[in-house]
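Asks: Mind looking at a prediction? Sequence and model below.
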Amino acid sequence: MKGTVHYEVRGNVALMTIDNPPVNPLSSGVRQGLHDGLSQALSDDAVAAIVLTGAGRAFIAGADISEFGGKSEGPSLHDCLAAMDNSSKPIVAAINGTAFGGGLEVALCCHYRVIAPSAPVGLPEVKLGLLPGAGGTQRLPRLIGAEKALDFMLSGDPIPGPAAVAMGIADELAEGDIVEAGLTFAANLIAKGGPVRRIRDEEEIVRQARGNAEVFDNARKNAARKMRKRFAPEMIVQCVEAAVNLGDFDAGIAVEQECFANCLKHPQRESLIHMFFAEREVAKIPDVPKDTATQEIASAAVIGCGTMGGGIAMSFLNVGIPVMSVEMDQEALDRGLGVIKKNYDIQVQRGRMTAEQVDERMSLISGTTDYADISGADVIIEAIYENIDVKVETFKKMDAVAKPGAILASNTSGLDIDKMAAATGRPEAVIGLHFFSPANVMRLLEVVRGENTSKEVIATSMKLGRTLNKIAVLSGNAPGFIGNRMLAGYTRQAGEIILQGATPYQVDNAILGFGMPMGPFQMNDLVGLDLGWRARKLNGIAPEDVPITARVADKLCEMDRYGQKTSRGYYIYPEGSRAGQADPEVVQIVEETSAELGIQRRSIEDDEVLKRCLYPLINEGARILEDGIAIRPCDIDIVYINGYGFPEVTGGPMFWADQIGLDNILADIKKFEAEYGGDIWKPAPLLEKLVAEGKNFASLQG
Ligand code: 3H9
């Protein structure tokens, strides 16, 4: 059994300390310990009150997530809570640290709560596709009212100790030793003959929302907007409706249990819990041990202050790390710094930042046109345009000025890190740090290890990702790394499908319906159709040699339709709007292009659109695993969800593939290979092997 609860008696108070490192989830051993400790305290006449606290940095992190969907031993959490509820002796929760989910619900089942200022409390179950299923949906509205409880449970965001007291979730803020504070609170209760106070018996506050349908309408509207296509929010709202309207705690608990069971068996729950563990797994690199020494990154330099460079600089400024921005000339520098300031000012207008915070951040950035000025930086990141020769030259200059020990990084989205490393006298210090646009917003950071990158530089870069509030995933050095290598097949298929009969709007709508934030043609419009077109012109590619999937885009560019930046691309963007409108002229261009290429157009079902756009991701993902470019399937899932908007509720492309069944996917891939041919549809050997062995991607997780 995992975890335990230490029991001791101090004077006439039983002190129970939950111990299940590192964050005290309610594993079987903890539940057993709670159950046994309570029985002992209740049967001991010398004990008049009980204090419950946690060892280490958490009170209780919640139910043990790894137990969901499997068999669990020992008493259930509900058995423990029933014993606490029925306790004749007052129980005081001394919330020493994180009290999340079932952890906060245990605290709410205690009769009183004292809390340390640094202890966050929250009900984050919604983020895992669940609801607070240990009485939280019934007790919290009884304590703070339906509206606030809904906000709290639907956001899933934690609040610190002082806010918990202000909100009425905890009774007392305890500066200093929290256990002593809990014991003192208990002693005072005993002295006053303080009663056992059960939240389940409180009806007054929760009753106030009875007949007020607006509270629930608003909650549903907000959830639909913020958590599109999520199942759990509606379940949470129904539980709170029960708390408000039934007027009977046990009847409300019955609704909660039914709704919790619905969430538990919903596929979204499995996917979101996969994401929880995957986010932690990607930090683990088999040949770079956890205790590998890391360097301190106290200053940064970013070469290039365009869209990417500016966003990268903002990521550092946002966490208080000073940045030196390098540009070719003063004009470009002034423009770049001006854009950064403007971006911050927009945040002020939206009420997300204060003018003082902007000043503080801007005071941390300085600009230069002279490489000599960046010699003191701990990390130098080049964010210039994607041309290997220019990057190699830039690395030579970086190497010439950087201090010993500095990390030299490239923000390339797919070029060869080893070529850049070879241009320096310190290949061990060279690494890829691939930020995603907008770099100050997007969570993903692909960290690309070159052949000679040192373990210290890898460990430092992964840590830097966390410092910058990003999720860092390690990739091997191969064209396109993980994400862009997979994307190639997706965009190519989208391009082919429109030539064969679908419109760009049908393809985008199918992808949107799947849950991605934008379709491939909306994405092209956002990025700019002119980038590829210009590159083809620069490289002297004749029109007849342009890949057929780029023909429509090139025609649009010839008409000055570059995408959002010119208010026209695949879509028309009315003045100041980012929402595009379909354009019959584009459909005509697509149809003409099909005719020129001799392609017979036909009607294509959305199901085919989805399979042809999404299955190449899985096939290429399998090749990436085979090549050792991604460490585990979950690394690919994290990249795709956080960098490319793959819907979180699927658990990422590789997890999703397991759910569909690799045999089904392989059968479709073979069908498309027979119909359309091409490398894209050649089944990855790993996929074939797994299917032959009756295994899935999860079996590779280790
Ligand atoms: C729930 O409570 C349902 C109830 O309402 C109803 C029940 C009937 N279980 O994040 P870290 C592991 S649902 C199992 O790196 P930090 C984690 O995997 C639950 N394991 O540390 C990692 O393992 P490893 C509601 C858990 O300090 C290690 O602990 N609760 C759990 O950055 C350290 O974690 C939540 O959703 C768990 N509950 O952050 C809270 N929690 O070292 C989820 C953590 O092997 N947890 N682990 O990779 C968190 O948000 C963060 O982990 C926390 C600590 C803030 C607690």
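Replies: Arrived safely, thanks for sending. Because the structure is a prediction, the values reported are computed rather than measured.
Asks: so where's the stretch 51-200 of the chain shaky on pLDDT?
Replies: For the stretch 51-200 of the chain, applying pLDDT under 70 flags no range at all.
Asks: Show the residue spans covered by the helices in it.
Replies: 77-85, 102-109, 136-144, 146-155, 161-167, 178-192 (DSSP state H, counting those that start in this stretch).
Asks: Report the separation between the nearest residue to Met167 once chain neighbours are set aside and the ligand.
Replies: Residue nearest to Met167 in three dimensions, not counting chain neighbours: Ile144, with 5.7 Å by C-beta to C-beta, 6 or more residues apart in numbering. In this view, the C-beta of every residue, glycine as well, is placed from N, C-alpha and C. Noted for Ile144: a distance of 17 Å to the ligand, by C-beta to the nearest ligand atom, to the nearest Å.
Asks: Name the nearest residue to Ile669, sequence neighbours excluded.
Replies: Pro683 (5.2 Å).
Asks: what's the burial count for that neighbour?
Replies: 18 (other C-beta atoms under 10 Å).
Asks: Could you give the number of residues near Val9?
Replies: Using other C-beta under 10 Å, Val9 has 14 neighbouring residues.
Asks: In the sheet, which residues pair with it? Tell me.
Replies: In this entry, Val9 is beta-bridged to Ala14, by DSSP bridges.
Asks: Can you check the pLDDT for the residue of the stretch 301-450 of the chain found nearest the ligand?
Replies: The minimum distance from the stretch 301-450 of the chain to the ligand, using C-beta to the nearest ligand atom, falls at Arg443 (15.2 Å). In this model, Arg443 is scored at 96, pLDDT.
Asks: Please list all residues in contact with it.
Replies: Going by C-beta atoms under 8 Å, 6 or more residues apart in numbering, Arg443 touches Asn469, Lys470, Ile471, Asn642.
Asks: rerun that using 6 Å as the cut-off
Replies: Residues near Arg443 by C-beta atoms under 6 Å, 6 or more residues apart in numbering: Lys470, Ile471, Asn642.
Asks: Return the residues of the stretch 201-350 of the chain in contact with the ligand.
Replies: The stretch 201-350 of the chain comes close to the ligand at residues Phe277, Arg280, as judged by C-beta under 6 Å from any ligand atom.
Asks: in the stretch 201-350 of the chain, which spans are strands?
Replies: Assignment of strands within the stretch 201-350 of the chain using DSSP state E, counting those that start in this stretch yields the ranges 300-303, 323-326.
Asks: Name all residues that make contact with Leu272.
Replies: Contacts of Leu272 (C-beta under 6 Å, 6+ apart): Leu128, Gly129.
Asks: Enumerate the residues of this protein near the ligand.
Replies: 22-23, 25, 58, 61-66, 77, 98, 100-102, 105, 124-125, 128, 130, 132-134, 136, 277, 280.
Asks: just to revisit the earlier point, who wins for most neighbours among the contacts of Arg443?
Replies: Among these, the one with the most neighbours (other C-beta under 10 Å) is Asn642, at 24 neighbours.
Asks: Tell me what the nearest residue to it once chain neighbours are set aside is bridged to.
Replies: Spatial nearest neighbour of Asn642, excluding adjacent residues (C-beta to C-beta, 6+ apart): Leu444 at 3.9 Å. Judged by DSSP bridges, the bridge partners of Leu444 are Ile471.
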